[in-house]
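Peer 1: 3D, please:
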Amino acid sequence: MPRWLLVSLTISWLAPASSAIAQQGGFPPALIGLWAESPITCDLLKRLPANAPSDRSWVRITPETVSGTTSGRFMRALGPKAARTTDDKLSTITVDFELRKGGILFETVTGARASMQYMRCR
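Peer 2: Below you'll find the model as predicted:
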């Protein structure tokens, strides 16, 4: 089989898959919601949503943004339970969110502070 034909077939086979991933856009549904460091913080966020505690760690993930302790915008999905964001203040900083076993959301910040762990607020 000629090399150009092999390359052409490979590209035509991969193109639909890559466009489907690109159209997905936004955080995976498993990550969307309110997450906090502790049940106490969840309770405070529910009782005082307009006055979120600044001395506690929490994040609210919507389909396109993250707010709270971390503030950023969706960059790309890293899997069905993981995504990467860019920091709103410093675009050179990326933040990865990954939902692991036990329902714990791990936040890994590159080039900034230590990683965080969050539980889902119910």
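
Peer 1: so the residue at minimal distance from the centre of the chain, which of the three states?
Peer 2: The C-alpha lying nearest the average C-alpha coordinate of the chain belongs to Ala83 (CA atoms, centre = their mean; 3.8 Å). Secondary structure assignment for Ala83 (DSSP: H, G, I helix; E, B strand; the rest coil): strand.

Peer 1: from Glu64, how far out is it?
Peer 2: Ala83 sits 11 Å away from Glu64, going by CB to CB, to the nearest Å. From N, CA and C alone the C-beta is placed, and that goes for glycine too.

Peer 1: what is in contact with those two at once?
Peer 2: Phe27, Phe74 (CB atoms under 8 Å, 6 or more residues apart in numbering).

Peer 1: and the next helix or strand past the lowest-mean-pLDDT helix or strand in the chain?
Peer 2: In the chain, no helix or strand scores lower on mean pLDDT, DSSP states H and E than helix 3-24, which sits at a mean of 41. Toward the C-terminus, helix 3-24 is succeeded by strand 33-36 as the next helix or strand (DSSP states H and E).

Peer 1: who are the packing partners of that next one?
Peer 2: When contacts are defined as 3 or more CB pairs under 8 Å, 6 or more residues apart in numbering; DSSP states H and E, strand 33-36 sits against helix 39-47, strand 58-61, strand 116-120.

Peer 1: appreciated, that's everything.
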